[in-house]
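*Asks:* heads up, no residue letters with this:
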């Protein structure tokens, strides 16, 4: 997963990076026992630090699958909503970002679907678009249509809180999880 691997451990009497713990991490990915952003990032860092290319390769499929499951099982949205208690994150943003990532030929640049969705949300300015739509819905205003100023004020509240949540999640990756 990292392009800065330093060859094999040939000549060393030490066993490779604790084969047992590596296998346990891979199994936790395959079984979806681990399905939170923090834990998946922890395993992703462990995989990226593999000194042996074979070990790193063993993580690729399970890690990709685990990130896919994290997004499609709605845990991603659940965690975003946990960060936006005052103005719950709009699920349509995640659905749209996921669709855009899947439609983007550049989406193969990372194994990490959550990161790709967060970047798509940010780069395509989805928060502003959805904040304006959500803020103007009559159901946000007890069934009445809001005045433009009211709608704008609520949209700004949505934008601020949702943007903070996305930025907070993106801080988990000081370096983008990309293939190149």
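*Replies:* It's in. What you see is a predicted model, and the numbers here were worked out from it, not measured in a lab.
*Asks:* Show me the helices in the chain, by range?
*Replies:* Here the chain has its helices, by DSSP state H, at 19-30, 37-48, 53-72, 75-82, 91-103, 113-123, 126-135, 148-170.
*Asks:* So what touches the longest one?
*Replies:* In other words, helix 148-170. 37, 79-80, 83-84, 86-87, 89-90, 93, 114-115, 118-119, 121-122, 127-128, 130-132, 134-136, 140-141, 146 (C-beta atoms under 8 Å, 6 or more residues apart in numbering). From N, CA and C alone the C-beta is placed, and that goes for glycine too.
*Asks:* now the angle from it to helix 126-135?
*Replies:* 140 degrees (axes from the mean of the first three to the mean of the last three C-alpha atoms, to 10 degrees).
*Asks:* And for the third one?
*Replies:* Comparing the axes of helix 53-72 and helix 126-135 via the same axes, to 10 degrees yields an angle of 20 degrees.
*Asks:* relative orientation of helix 53-72 and helix 19-30 in degrees?
*Replies:* Using the same axes, to 10 degrees, helix 53-72 lies at 30 degrees relative to helix 19-30.
*Asks:* Quick check: mean pLDDT of helix 53-72?
*Replies:* Confidence for helix 53-72, expressed as mean pLDDT, is 92.
*Asks:* before we move on, the earlier item: just the buried ones among the contacts of helix 148-170, please.
*Replies:* For the contacts of helix 148-170, a neighbour count by 16 or more other C-beta atoms under 10 Å gives the buried set as 37, 79-80, 83-84, 87, 89-90, 93, 114-115, 118-119, 121, 127, 130-132, 134-136, 146.
*Asks:* re earlier: residue 177 is nearest to which of the helices of the chain?
*Replies:* Within the helices of the chain, the stretch nearest residue 177 is helix 113-123; the backing value is 5.4 Å (C-beta to C-beta).
*Asks:* helices or strands next to that closest one in the packing?
*Replies:* Judged by 3 or more C-beta pairs under 8 Å, 6 or more residues apart in numbering; DSSP states H and E, helix 113-123 is in contact with helix 53-72, helix 91-103, helix 148-170.
*Asks:* how about those in JSON lines, adding distance to residue 178?
*Replies:* Conversion of those to JSON lines gives the following (distance: least, C-beta to C-beta, whole Å):
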{"stretch": "helix 53-72", "distance to residue 178": "13"}
{"stretch": "helix 91-103", "distance to residue 178": "13"}
{"stretch": "helix 148-170", "distance to residue 178": "14"}
